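>>> starting from these lines, generate the structure:
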Amino acid sequence: SYLITPLQLQGAISPNLHREYLSKEAARIFESLPAIYDGLEKGLLKRGLLTRGLSYKMAGGLLSKPYFPFKKAIFAGFYKVTAAEKAIVEGLKERLEVTEIEDDRVLPAQLVEGKNICFFKGHNIHSQLKLLRHTLEDLPGTGGPSSPFEDTVIVIPRPDSLVPLLEWVVEPLEHPYNVSIGYPATRTPLFSLFLELLKAQEEREGGLYFVQSVQRILEYPYIKGFSQGQGDMDNLLRSIRDWVKQTRKPFAFMDELAASIEEKDLFKTLYSKLFRPFEEANSLGDAAQGLLNILKAITERKAWGLYPFSTEAAGAISRALHELLESSISKERCRRACIRRFISHLFQRMRIPFQGLPLKGLQVLGLLETRCLSFKNVLVIDSIEGVLPPEPKISPFLPPWLRRALGLPDIYSSVEITRHHFYQLIKKAENVYLFWTENPKEARSRFIEEIIWELEKRAGRLGAVEVKGVPPLVQIPSRRVFSVKKG
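Just a heads-up that it's a prediction; the model follows:
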C-alpha cells in the first residue's frame, strides 16, 4: 500500500490512547482523525488535487499499465527511502532495467584521511562571516591562472543567513556566483508590513484603531511613496505623535485623527488604501486581494528596485496570494484573528527562489542541494546544534507514539539523513572549513564534535585541534560609582 488507510490509522490510535495520558479533548481529536483523513483524501481526489502520498499512489498505479514508455531507470542519491518509494522502485524493477547508485556509509575516521580540515568559531553570525571572508581570500590557488571559486561551495544550513552572506562576503568578491537556496519570506520587509496591516485590524475595536499600530504602518519605507505629492509624510507622522502626547489616548477613530492633523488629504488617501479594504474583509480571499492591491501599488514605485531581492520577493509573494485567491477556501468566512494567523502560516512555509548560474561561479547552496555533488573547497557556516542537524519538529497530529504505531520514520531518522549528506560532502572535498557560533545560547554541532574527537584520537591528546576565532570582544570596565552625601 502506498498510503496508510483510515482503517490502519484507526487500528494504530485505538489501543494507544489510554497509554498516552491524553486529555479528553485531545483523545476526541485523535479518535476523529481517521474520519478526517478519509474525508480529506476523497475531497482532494474530487477536486483533482494531490498530496505527496497520493502522488506515490498514482505513480504505483501506472506500473500496471500495458504501455510503458521507458526502458531504463537510474536512482541516484537516495538515502533512507520511505516504504512508498521502495515499493515503486521494486515495481519498476519488474518492468525496466533499474540501476541504483548509492553512497557508502561514511564514518568519522574516513573523513579526516588526507584532508585539510579547519575550524573557526565566532561570537555571532557577523564574526562568522568575517572569518569566512578572510578564508575565501586565502583559498589555495587564489591569485593563480584559474580562480579557486569555480570549485568552491558555501553551505548554508540556515537560510536566514543568506542576505548578510551575499552582502558582506560574496558580492565584494566580484566573482560570478549561483544561489540555489530559498530565502524565508518571513525575513522580508513585505511580510512585516502585511502582518502589521492585518494585526491592526485584529486590534481594532469597532471603528477604534490602536494608534501605535497606525504609526508603525505609516513609518514603513514602502509607504512613503504613497504620498504622490499630496503632502509630507514626515509632517503627518509628527502630527500623529503630537496628537498622542496631547490626548494620551491609545485608541482613536480615523476621522478623529484626520481632523487633528495638517496633512488631511494624504491621511485620507492612506486610510483608503491601507486600512479601509481590510475593514470589510470577511474571508481569506478578501484579505489576499487587499494585500495584492497594496503589493501592486508598492512595486509601481521607482525606488522599488533599490531594495535587496525586491523583484524575487514580490514575485513569490504575488504567486502565493494569487493561489490563495483562486483556492477553494478563499470564500470561507473567517474572523480577523483567523485571517492573520492563516496569512502568517502561509508566509512561514514560503521560500523565495533565486535565479542563478548553476554551472558557473561560486556556489551558495543549502545542505540538501549538495546531494550528488562534489567540490574541492567546502565552507559550511552556522554549524551549530539545532541547525546542523535541524531541531526536529513534532507534529501534534502525528506525535512520536503514533509514528511508531504506524511504522513511520521517527524524528531521529532526519538526524541520520542530515549526517549522511554532510559527511558525503566532506568526504569528496580536499579543503574543508567549518564555522560556528559559540556563546551561552549556541554550541557547535554534534557532527563537528565527532570530527574533532576523531582528530584528537589520532593526535593522542585532548585539545590537539586548533580552533581559530576572532579576537575577543573588548570588555569595557565599569566606572567606579561614588556616593555623594547630602548636607
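>>> do a quick rundown of the helices in the stretch 251-400 of the chain.
Counting by DSSP state H, counting those that start in this stretch, one finds helices in the stretch 251-400 of the chain at the ranges 254-260, 264-270, 276-279, 284-299, 310-325, 336-348, 400-406.
>>> what do you get for the stretch 101-250 of the chain?
Secondary structure of the stretch 101-250 of the chain (DSSP H, counting those that start in this stretch): helices at 108-111, 125-137, 162-165, 189-203, 211-218, 221-224, 233-247.
>>> residue 405 is nearest to which of the ones you listed?
Among the helices of the stretch 101-250 of the chain, helix 108-111 comes nearest to residue 405, with 34.0 Å by CB to CB. Bear in mind the C-beta positions are built from the backbone N, C-alpha and C, glycine included.
>>> quick one: that closest one to chain centroid distance?
In this view, helix 108-111 has its centroid 31 Å away from the chain centroid, taken as CA atoms, centre = their mean, to the nearest Å.
>>> in that helix, what's buried?
Residues of helix 108-111 classed as buried: 108, 111 (neighbour count, 16 or more other CB atoms under 10 Å).
>>> stretch 394-407 now?
Buried residues in stretch 394-407, counted by 16+ other CB under 10 Å: 399, 402-403, 405.
>>> give the rounded mean pLDDT of it.
Mean pLDDT, stretch 394-407: 81.
>>> follow-up on the earlier one: now the two most distant members of the buried residues of stretch 394-407.
With CB to CB as the measure, no two of these lie farther apart than 399 and 405, at 10.0 Å.
>>> closest one to residue 422 out of the buried residues of stretch 394-407, please.
Relative to residue 422, and with distances defined as CB to CB, the nearest of these is residue 403, at 23.8 Å.
>>> doesn't residue 409 make contact with the closest one?
Yes - the pair residue 403 and residue 409 passes the contact test of CB atoms under 8 Å, sitting 7.3 Å apart.
>>> what residues are up against the nearest residue to residue 41 once chain neighbours are set aside?
Nearest residue to residue 41, sequence neighbours excluded (CB to CB, 6 or more residues apart in numbering): residue 54, at 7.0 Å. Counting by CB atoms under 8 Å, 6 or more residues apart in numbering, residue 54 touches 3, 41, 44-45.
>>> now, of those residues, which are buried?
residue 41.
>>> for residue 77, which non-adjacent residue is closest in space?
In space, and not counting its chain neighbours, residue 77 is closest to residue 372: 4.3 Å by CB to CB, 6+ apart.
>>> wait, residue 330
Counting by CB to CB, 6+ apart, residue 330 lies nearest to residue 285, which is 3.3 Å off, once chain neighbours are set aside.
>>> that neighbour touches residue 321, doesn't it?
No - look at residue 285 against residue 321 with CB under 8 Å: they stay out of range, at 9.9 Å.
>>> who's more crowded, these two?
residue 321 (22 against 19; other CB atoms under 10 Å).
>>> now do the contacts for the nearest residue to that one once chain neighbours are set aside.
Excluding its sequence neighbours, the residue lying closest to residue 321 (CB to CB, 6+ apart) is residue 288, at 4.7 Å. The neighbours of residue 288, taking CB under 8 Å, 6+ apart as the test, are 321-322, 324-325, 330, 343.
>>> export those residues to CSV and tack on pLDDT and distance to residue 63?
Converted to CSV, these look like this (pLDDT from 0 to 100; distance: CB to CB, whole Å):
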residue, pLDDT, distance to residue 63
321, 95, 38
322, 95, 36
324, 94, 35
325, 93, 37
330, 91, 37
343, 94, 41
